[in-house]
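Take a look and give me a structure for this.
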Amino acid sequence: MKRRIGCLFLAALLLLTAVGCTKAESGRESEDGEERKIRIGMSFDSFVIERWQRDRDVFVSVAKELGAEVNVQNANGVVEEQKKQIDYFIQKGMDVIVIIAIDPASLRESVDKAKDAGIQVVSYDRLIDDVDVDLYISFDNEMVGDMMARALIEAGIGNGDNVVMIGGSPTDNNVPLVEGAFKRLMAKHRVTVLDSVHAENWRAEEAAAYIYANPLVIAKADAIMCGNDDLATQTVRALAETRQAGDILVVGQDADLAACQRIVEGTQVMTVYKPVERLATRAAEEAVALAKGEKVAGDDVALIDSGAYKVPYIGLEPIRVNRGNIDEVIIGSGFHLKEDVYLNVLGQMPK
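Numbers count the residues shown, from 1 in each chain. Reported below is the predicted structural model:
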């Protein structure tokens with residue numbers, strides 16, 4: 001009997017030990033024995049681009065509703081700072097790290113470190129290629145470039161016309177996707193690309209500097225494709241100084257307020273609206289799911305070749321915005337207020 005009781009006690013002790021190890025290995029138990037909150041580290045390129053603040057606010061709000069805590073860091077466009085932030089997240093034992101990469105190629109080693117530490121990694125909006133990220137979520141960037149080109153064609157740009165391209169950061173993986181689609185449609189319609197330049201770290205002032213430094217090229221241009229609306233803002237301001245604003249067609253993306261104002265004023269043909277609420281919401285949902293050990297799933301999930309790996313990819317559709325649908329798409333969705341969009345042309349504001 002004593003031997004039987006001893007065996008039962010030993011078995012119970014081993015069972016409790018096994019359960020304790022299982023909980024400890026999960027890394028989700030707090031010191032008081034209760035399951036701690038999911039922790040997500042989020043490293044932004046910078047907040048120079050207007051839309052990133054919306055992405056941040058929506059992501060943090062949705063993640064909080066789902067029971068997660070988000071630590072947001074801003075690298076201010078400095079790659080080494082972003083590396084330090086990722087290292088910090090690793091040291092803190094985050095469950096998931098979400099990265100808006102400044103220079104994806106420079107972050108591969110950092111991502112590998114996070115993966116080795118058992119942390120899930122999400123490439124947000126910009127793909128970090130040649131590493132095994134757990135999710136890449138963005139908008140369809142080739143569609144963005146196609147929309148820009150089609151807007152110019154519909155505005156009258158065609159055979160024999162000329163366009164200048166002022167693109168974003170050359171280290172941003174999305175830039176060649178957007179520009180490649182744009183160039184293909186321009187070539188199809190026999191439109192000549194006079195010049196193609198890029199703004200380092202998306203510094204918008206470089207767009208104005210190009211306009212000032214290249215008056216002869218601009219004089220031949222019928223249109224200017226801007227990598228985003230910040231670049232378009234500086235472009236149009238520079239064109240206005242020589243009274244060419246509105247004569248040279250301009251397109252951009254992100255649906256910044258200033259761009260929407262220019263569309264109703266007539267100095268910008270179109271912008272590409274990216275419903276960042278949808279992107280940030282979905283990214284937060286998937287990040288929490290990954291932290292729980294769940295796989296990315298859904299009818300819209302595909303695999304994309306990132307070089308050395310095939311990674312889960314969610315590509316949301318952007319929306320082309322021009323004078324004809326700005327009230328419905330931008331104002332109707334609440335993205336910008338009507339009185340703000342029509343601030344400079346109150347006489348044209350719809351009732």
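
Spit out the contact partners of the spatially most central residue of the chain.
Centroid-nearest residue in the chain: Asp125, 3.1 Å away (criterion: C-alpha atoms, centre = their mean). Applying C-beta atoms under 8 Å, 6 or more residues apart in numbering, we find Asp125 in contact with 55, 100, 137-139, 174, 279. (C-beta placed from N, C-alpha, C; glycine too.)

Quick one: residues contacting Leu337.
By C-beta under 8 Å, 6+ apart, the neighbours of Leu337 are Ile331.

how far away is it from Asp230?
Distance, Leu337 to Asp230, by C-beta to C-beta, to the nearest Å: 20 Å.

What are the phi and psi values at Thr171?
Dihedral pair for Thr171: phi -90, psi 0, per degrees, to the nearest 10.

Near the nearest residue to it once chain neighbours are set aside, how many other residues are there?
Nearest residue to Thr171 in three dimensions, chain neighbours excluded: Asp103, at 4.0 Å (C-beta to C-beta, 6 or more residues apart in numbering). When counting by other C-beta atoms under 10 Å, one arrives at 19 neighbours for Asp103.

Could I get the phi/psi values of Asp103?
In terms of degrees, to the nearest 10, the main-chain angles of Asp103 are phi -140, psi 100.

what do you get for Ala101?
Dihedral angles (degrees, to the nearest 10) for Ala101: phi -70, psi 140.

my guess is it meets Gln85, correct?
No. Ala101 lies out of contact with Gln85 (C-beta atoms under 8 Å); the separation is 11.5 Å.

Compare those two (neighbour count), which wins?
Ala101 (27 against 23).

Leaving out the residues flanking it, which one is nearest to that one?
Ala101's closest residue in space is Arg126 (C-beta to C-beta, 6+ apart), at 4.8 Å.

hmm, back to that, export the contacts of Asp125 to JSON lines and append columns for neighbour count.
Below are the contacts of Asp125 laid out as JSON lines (neighbours: other C-beta atoms under 10 Å):
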{"residue": "Asp55", "neighbour count": "23"}
{"residue": "Ile100", "neighbour count": "21"}
{"residue": "Ile137", "neighbour count": "23"}
{"residue": "Ser138", "neighbour count": "21"}
{"residue": "Phe139", "neighbour count": "23"}
{"residue": "Asn174", "neighbour count": "21"}
{"residue": "Leu279", "neighbour count": "23"}
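
hmm, which two among these are most spread apart?
Greatest spacing in the contacts of Asp125, by C-beta to C-beta: Asp55 and Asn174 (14.1 Å).

what's in contact with the strand or helix carrying Val121?
Assigned by DSSP states H and E, Val121 falls within strand 120-124. Around strand 120-124, the neighbours that count as contacts under C-beta under 8 Å, 6+ apart are 42, 55, 95-101, 104, 111, 114-115, 128, 131, 133-138, 283, 286-287, 290-291, 311.

Mind checking which of the residues you listed land in helices?
Among the contacts of strand 120-124, the ones falling in helices (DSSP state H) are 55, 111, 114-115, 283, 286-287, 290-291.

now the strand or helix carrying Val70: how far from the chain's centre is it?
Using DSSP H and E, Val70 sits in strand 68-74. Its chain's average C-alpha position is 16 Å from that of strand 68-74, according to C-alpha atoms, centre = their mean, to the nearest Å.

Could you export the very next helix or strand once past it as CSV, keeping only the C-alpha atoms?
With elements assigned by DSSP H and E, the helix or strand that comes after strand 68-74 is helix 79-91. What follows is helix 79-91, C-alpha atoms only, in CSV (Å, rounded to 0.1, in the frame of the first residue of the first chain):
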residue,chain,number,x,y,z
VAL,A,79,18.1,52.3,-40.8
GLU,A,80,20.5,51.8,-37.8
GLU,A,81,17.8,53.1,-35.5
GLN,A,82,15.3,50.7,-36.9
LYS,A,83,17.8,47.8,-36.3
LYS,A,84,18.2,48.9,-32.7
GLN,A,85,14.4,49.0,-32.3
ILE,A,86,14.1,45.4,-33.6
ASP,A,87,16.9,44.3,-31.2
TYR,A,88,15.0,46.0,-28.3
PHE,A,89,11.8,44.1,-29.2
ILE,A,90,13.7,40.8,-29.3
GLN,A,91,15.3,41.5,-25.9
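
Give me the mean pLDDT for helix 79-91.
Averaging pLDDT along helix 79-91 gives 97.

Show me how far that helix is from its chain's centre.
The answer for helix 79-91 is 19 Å, by C-alpha atoms, centre = their mean.

So for that helix, what gets flagged as buried?
Across helix 79-91, burial judged by 16 or more other C-beta atoms under 10 Å covers 79, 82-83, 85-86, 89-90.

Which elements pack onto it?
Helix 79-91 sits against strand 38-44, strand 68-74, strand 96-99, helix 108-116, with contacts defined as 3 or more C-beta pairs under 8 Å, 6 or more residues apart in numbering; DSSP states H and E.

Good, we can wrap up now.
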